[in-house]
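In: dropping the sequence and predicted coords here.
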Amino acid sequence: MVNTLSEAAASADPPEEEGRDAPLSIFLVGMPGAGKTTIGRHLARLLSNEFVDLDHELERRCGVRVPVIFDLEGEAGFRQRESSVLEECTRRRGIVLATGGGAVLSPDNRRLLHERGLVVYLRARVADLYARTRHDRNRPLLQTADPMAALQGLHAVRDPLYREVAHLTVDTGRVSVPHLVNRIVPMLRTYAREPELLCRK
Ligand SMILES: Nc1ncnc2c1ncn2[C@@H]1O[C@H](COP(=O)(O)OP(=O)(O)O)[C@@H](O)[C@H]1O
Ligand SMILES: O=C(O)C1=C[C@@H](OP(=O)(O)O)[C@@H](O)[C@H](O)C1
Ligand SMILES: [Mg+2]
């Protein structure tokens, strides 16, 4: 894996329609409820970038919501579709992409994310994730008798993967979305100026 954004820029496969000088994309990763969709939308607005949510893109293409894909094709079917859309979306430059929480499970997805853009891990405590997702019925993996235990299990498996794939990590606990966005933007700017200084995990 490359270690800095400049290496990422150099190693990324340029999309056919854009050259290597096109602006890099920002890829948000993290657990369900970390705030990828919400923060991604705000961040894109502030940066005047296009916002893409991987789940919404998948839903648009399939014509059904994520839980229906899980019902019809199981998690394995969902992951295949997710990987295919991720491969396409990560080719695009200058976007803010909110991934789904499980997108990092595939080693190929992790490689594409890390090599093609700047990956930001939105980190959150399991208790906060639980509070933010407990009333939402659109996350099939959390529709269990004990969603807190489900989140703990997912976090144990995935936290090392988010750390592995990320160029930057941002703690989201007890910080409002606007504050987080205002915190992330200067980090991105510093990183873009001096990428070697900010290769944090
Ligand atoms: N930093 C935060 N503080 C409080 N609530 C948040 C924060 N980030 C996200 N939320 C809320 O948590 C819920 C889940 O956020 P979402 O963006 O869908 O997460 P993800 O896409 O990572 O699963 C939403 O209702 C959102 O408004
Ligand atoms: O954690 C996961 O495996 C999933 C997270 C969801 O996205 P969010 O992380 O935006 O909730 C969605 O992709 C799907 O329900 C699977
Ligand atoms: Mg989301």
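Out: Received the coordinates, thanks. Residues are numbered from 1 along each chain as shown. Ligands and ions are numbered 1, 2, ... in the order given.
In: ok, the residue in the chain that ligand 1 sits nearest to - how many residues close by?
Out: With CB to the nearest ligand atom as the measure, Gly35 is the residue of the chain nearest to ligand 1, at 2.8 Å. To be clear about C-beta, it is placed using only N, CA and C from the backbone, and glycine gets the same treatment. Neighbours of Gly35 under the rule other CB atoms under 10 Å: 23.
In: repeat for Ala166
Out: Counted with other CB under 10 Å, Ala166 comes out at 26.
In: quick one: contacts for it?
Out: Ala166 sits next to 29, 119-121, 201 when contact means CB atoms under 8 Å, 6 or more residues apart in numbering.
In: mind redoing it with 6 Å?
Out: Residues in contact with Ala166 (CB atoms under 6 Å, 6 or more residues apart in numbering) are 119, 121.
In: what about Val157, neighbour count?
Out: Number of residues near Val157 (other CB under 10 Å) recorded here: 11.
In: which residue packs closest to it, ignoring adjacent ones?
Out: Leaving aside its sequence neighbours, Val157 sits nearest to Leu105 (CB to CB, 6 or more residues apart in numbering; 8.0 Å).
In: quick check: that neighbour vs Leu141, distance?
Out: 11 Å (CB to CB, to the nearest Å).
In: could you do Leu28 as well?
Out: Distance of Leu28 to Leu141, given as CB to CB: 18 Å.
In: settle it for me: which of those two has more neighbours?
Out: Neighbours per residue, other CB under 10 Å: of Leu28 and Leu141, the larger number sits with Leu28, 27 against 16.
In: tell me how far the nearest residue to the more buried one once chain neighbours are set aside lies from Ala149.
Out: Spatially, and ignoring its direct neighbours in sequence, Leu28 is nearest to Lys36 (4.3 Å; CB to CB, 6+ apart). From Lys36 across to Ala149, the span is 22 Å (CB to CB).
In: over to Thr190?
Out: To Ala149, Thr190 is 39 Å away according to CB to CB.
In: for Ser176, same thing?
Out: As judged by CB to CB, Ser176 and Ala149 stand 28 Å apart.
In: more neighbours, the two?
Out: Between Ser176 and Ala149, counted using other CB under 10 Å, the more crowded position is Ala149 (12 against 9).
In: work out for me the element the more buried one sits within.
Out: Element membership for Ala149, per DSSP states H and E: helix 147-165.
In: quick one: buried residues of that helix?
Out: Neighbour counts over helix 147-165 (16 or more other CB atoms under 10 Å) mark 147, 150-151, 154-155, 158, 161-162, 165 as buried.
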